[in-house]
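Asks: I need the structure of the sequence given here:
(2 chains)
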Amino acid sequence: MNRRIFMSVYEHEEDILGVVGAARQKGLTIVDVFSPYAIHGLERIVGFRTSRLPIVAFLLGLTGATFMTWFAFWTSAVSWPINVGGKPWNSLPAFVPVIFELAVLFAGVGTVIVLFARARLWPGKEADLPFDGITNDRFALLLEESDATFDPGEVRQLCERFNAVHIEEREVETD
Amino acid sequence: MPDHHTNMREPLILGNKALSDVTDEVCGIIEGKPTRLWWMAFATSSTVLGIGVIAVIYQMATGIGTWGLNKTVGWAFDITNFVFWIGIGHAGTLISAVLFIFRQRWRTSINRAAEAMTLFAVICAALFPFIHMGRWWLFFYNIPYPNFRGPLWINFRSPLVWDAFAISTYFTISFVFWYLGLIPDLATIRDRARGLRRKIFGFFSLGWNGSYRTWVRYEVVYLMLAGLATPLVLSVHSIVSMDFAATILPGWHTTIFPPYFVAGAIFSGFAMVLTLMLIARKVMALENYFTVRHVEAMCKIIILTGSLVGLAYLTEFFTAAYSGNPYEAFVFKNRALGPFAWAYWTMIACNVISPQLFWFKKLRTNLGFVFAISIVINIGMWFERFVLIVTSLHRDFLPSSWAGYSPTIIEILTLMGSFGLFFTAFLLFCRFLPVLAMSELKGVLSYGRPPRPKADSATPEKGEEELASIGSQPERPVS
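Replies: As a prediction, this is how the structure comes out:
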């Protein structure tokens, strides 16, 4: 099925924030918003739910810590115990630094890998840019035209009110 | 300076730049041909690196008998260099992580270069224990894997093992942090480039397209990494200090070591960032991005950490005197008045006295002066580790085994070589990757500037909070 997309391009952060807010109020379907840098507060205006990645980070950190606790215990007290200065086989307090490092390592590297998977980023992926200057200095708003209430004339006016520098309607294929 | 009666802040980036100016100016550095100055610097540093490589190959082939060590002083130059470089490597992640969490937005001008510097400094540092192993081809014994030697596992109770884990984790996390920050900028370069450069940057920019969904998640992960890296930075030098503190040697066996080492690391790291950025600023014409304001902020951190270091020196002496332990007292008297007194007083002059000059605004806004002091501090911090290691060892419990120490030419060339490696790597970084974090700079560009005059219609009729309460719309896949 094909979707009709209404794209408008802006030059300033305030404009894109304004037009996204207005489009949201009108009940238009926001397909995507593109920007050259992270705009703080945009996700709240679009109504994007809070990311669950912190939970992922926590669980990964916990996994790292658990694994290392077991591993240090198993190697030092079970597999081949060695008497080091008369210290107990299970010297848990002395294992803490390495357990901490492993927790950080698992959480840090793992979360980034999960981010790449979730945001569908991979090496060599062809970038799908709606407009040329996105990574330089342009902001783009993509709206879906399929709604019955969508009135291109009215939307165009709305976009122009927020100093849109370029407006374009295009058909895209969806899978 | 901002007036006390207005709430206008001073802009972080000068020159009233547009978003595209940031892209053009930062990308321009790597898209043009390298300057003469760059070639000269590169030729010098790679020559020094080459000399270092020869020295390293020689000592690896011959053994560490090429060093000036003796039975009494078993740790000296090599470990000094190791601790010195690891200390330098602390500023990068501190700037990216700790300053990020404290919302110090001025960090955006220096974080990229500082993170790169961290990586190179950690590589330089890791080189030294590797050579010190003597039988470096048995390096893999460090890795805990099921082996046919028992299986003989590494000793997780040993601070040296903690150190190996801390440093490799630190390097990995710093690298991931740095790369994650680079992705949007790599995409910017990709979209400007053609041919091979476009292919390479396209490959590493992972198909970044600036969609808000990616940005939101990216920001969350960046914050997570910052939160993880903050305790990590503090842990790494704490653990390095335990290499010493967990022994029973007077002069090393003190509980003050972890905070004292961390303060010293931040101190020397910031000094090195200042050295590099003040050069980069001139050579690459970044005056509008790295301003006197940034230098001042860094000088203030140097005052703080320098004072902490000075306080630690005093505390050590107090503890030695107050403990009533004659061995402890002797080590400290020997430090200040013994054969290495010259090194001790160099350290005091460089680390305790020189940073205090930054209290004067006239001095900390004088960039030439700041540059000179940043080098003085690094010399001082090198001597701190030297004094700490050598003076604690060279006159031990048995006067008959007292010894001196002086480095051989091989050791000095190896230290030089590590500087060659550091600067060669940094110059290559400046040549091939964006020195400034463009996507972050763009975010702070409007900081401290008067707001754009806007039409009434440009303000949404409802507040942000109200809009957020409308509820989320069903998410649709992007085509």
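Asks: where does chain A get nearest to chain B, residue-wise?
Replies: A:K125 (2.9 Å; C-beta to the nearest C-beta). For every residue, glycine as well, the C-beta is placed using N, CA and C.
Asks: tell me the SS of that residue?
Replies: Of the three states, A:K125 takes coil under DSSP: H, G, I helix; E, B strand; the rest coil.
Asks: what does B:V48 give?
Replies: Applying three-state DSSP: B:V48 is helix.
Asks: ok, it - contacts?
Replies: By C-beta atoms under 8 Å, 6 or more residues apart in numbering or on different chains, the residues touching B:V48 are B:416-417, B:419-420, B:423.
Asks: quick one: the helices in the stretch 151-300 of chain B?
Replies: B:159-192, B:195-204, B:212-245, B:257-283, B:292-323 (DSSP state H, counting those that start in this stretch).
Asks: got a markdown table for those helices, with mean neighbour count and mean pLDDT too?
Replies: Conversion of these to a markdown table gives the following (neighbours: other C-beta atoms under 10 Å in any protein chain shown; pLDDT from 0 to 100):
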| stretch | mean neighbour count | mean pLDDT |
| --- | --- | --- |
| helix B:159-192 | 22 | 92 |
| helix B:195-204 | 14 | 89 |
| helix B:212-245 | 22 | 91 |
| helix B:257-283 | 24 | 90 |
| helix B:292-323 | 18 | 91 |
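Asks: now render the ones you listed as TSV, adding distance to B:P339.
Replies: As requested, these are exported to TSV (distance: least, C-beta to C-beta, whole Å):
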stretch	distance to B:P339
helix B:159-192	29
helix B:195-204	53
helix B:212-245	21
helix B:257-283	24
helix B:292-323	18
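Asks: I'd like those as TSV, with distance to chain A appended.
Replies: Shown next, in TSV, are the helices of the stretch 151-300 of chain B (distance: least, C-beta to the nearest C-beta, whole Å):
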stretch	distance to chain A
helix B:159-192	4
helix B:195-204	5
helix B:212-245	4
helix B:257-283	11
helix B:292-323	19
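Asks: nearest to B:T23, of these?
Replies: Of all the helices of the stretch 151-300 of chain B, helix B:159-192 sits nearest to B:T23, with 5.9 Å by C-beta to C-beta.
Asks: for the spatially most central residue of chain A, give me its contacts.
Replies: Nearest to the mean C-alpha position of chain A, by C-alpha atoms, centre = their mean, lies A:A119 at 5.8 Å. Going by C-beta under 8 Å, 6+ apart, A:A119 touches B:213-214, B:217-218.
Asks: for B:G87, same thing?
Replies: Contacts of B:G87 by C-beta under 8 Å, 6+ apart are B:237, B:261, B:264-265, B:267-269, B:381, B:385.
Asks: just those now: which is nearest B:N288?
Replies: Minimum distance to B:N288 across the contacts of B:G87 is 24.7 Å, recorded for B:G269 (C-beta to C-beta).
Asks: which of the helices and strands in chain B ranks last by mean pLDDT?
Replies: The weakest-scoring helix or strand in chain B, judged by mean pLDDT, DSSP states H and E, is helix B:464-468 (a mean of 48).
Asks: could you list the domains of chain A?
Replies: Annotated domains of chain A cover A:2-36+A:133-173, A:53-118 [automatic domain parsing].
Asks: let me see the mean pLDDT of the helix or strand containing B:W342.
Replies: Assessed by DSSP states H and E, B:W342 sits inside helix B:341-348. Taken as a whole, helix B:341-348 has a mean pLDDT of 94.
Asks: which residues are contacting that helix?
Replies: By C-beta under 8 Å, 6+ apart, helix B:341-348 touches B:313, B:335-336, B:379-380, B:383-384, B:386-387, B:390-391.
Asks: how about 6 Å then?
Replies: B:335-336, B:380, B:383-384, B:386-387 (C-beta atoms under 6 Å, 6 or more residues apart in numbering or on different chains).
Asks: list the buried ones in that helix?
Replies: Residues B:343-344, B:346-348 are the ones in helix B:341-348 that count as buried (16 or more other C-beta atoms under 10 Å in any protein chain shown).
Asks: please tell me how far the closest residue to B:G310 other than its chain neighbours sits from A:F95.
Replies: Among residues not flanking B:G310 along the chain, B:V352 sits closest, at 4.0 Å (C-beta to C-beta, 6 or more residues apart in numbering or on different chains). As judged by C-beta to C-beta, to the nearest Å, B:V352 and A:F95 stand 37 Å apart.
Asks: next: B:V236.
Replies: 17 Å.
Asks: let me see the confidence value for the residue nearest to B:G310.
Replies: 93.
Asks: for B:L398, same thing?
Replies: For B:L398, pLDDT reads 88.
Asks: neighbours around it, how many?
Replies: Residues lying near B:L398 (other C-beta atoms under 10 Å in any protein chain shown) number 8.
Asks: could you do the one 10 residues further on as well?
Replies: Taking other C-beta under 10 Å as the neighbour definition, B:T408 ends up with a count of 16.
Asks: packing partners for the helix or strand B:I131 falls within?
Replies: Here B:I131 sits within helix B:111-132, counting by DSSP H and E. In this structure, helix B:111-132 makes packing contacts with helix B:77-88, helix B:90-93, helix B:159-192, helix B:409-432, judged by 3 or more C-beta pairs under 6 Å, 6 or more residues apart in numbering or on different chains; DSSP states H and E.
Asks: same for the shortest one, what does it pack against?
Replies: For helix B:90-93, the elements it packs on are helix B:111-132, helix B:212-245, helix B:257-283, judged by 3+ C-beta pairs under 6 Å, 6+ apart.
Asks: can I get it in CSV, CA atoms only?
Replies: Taking Å, rounded to 0.1, in the frame of the first residue of the first chain, the C-alpha atoms of helix B:90-93 are listed here in CSV:
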residue,chain,number,x,y,z
HIS,B,90,41.0,10.8,32.9
ALA,B,91,40.0,14.2,31.6
GLY,B,92,38.3,13.0,28.5
THR,B,93,35.6,10.8,30.1
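Asks: what sits up against it?
Replies: B:114-115, B:117-118, B:174, B:229, B:233, B:265-266, B:269-270, B:273.
Asks: whichever helix or strand comes after it near chain A anywhere?
Replies: Going down the chain from helix B:90-93, the next helix or strand is helix B:99-101, by DSSP H and E. No. Using C-beta under 6 Å from any C-beta of the partner chain, helix B:99-101 never reaches chain A; the gap is at least 12.5 Å.
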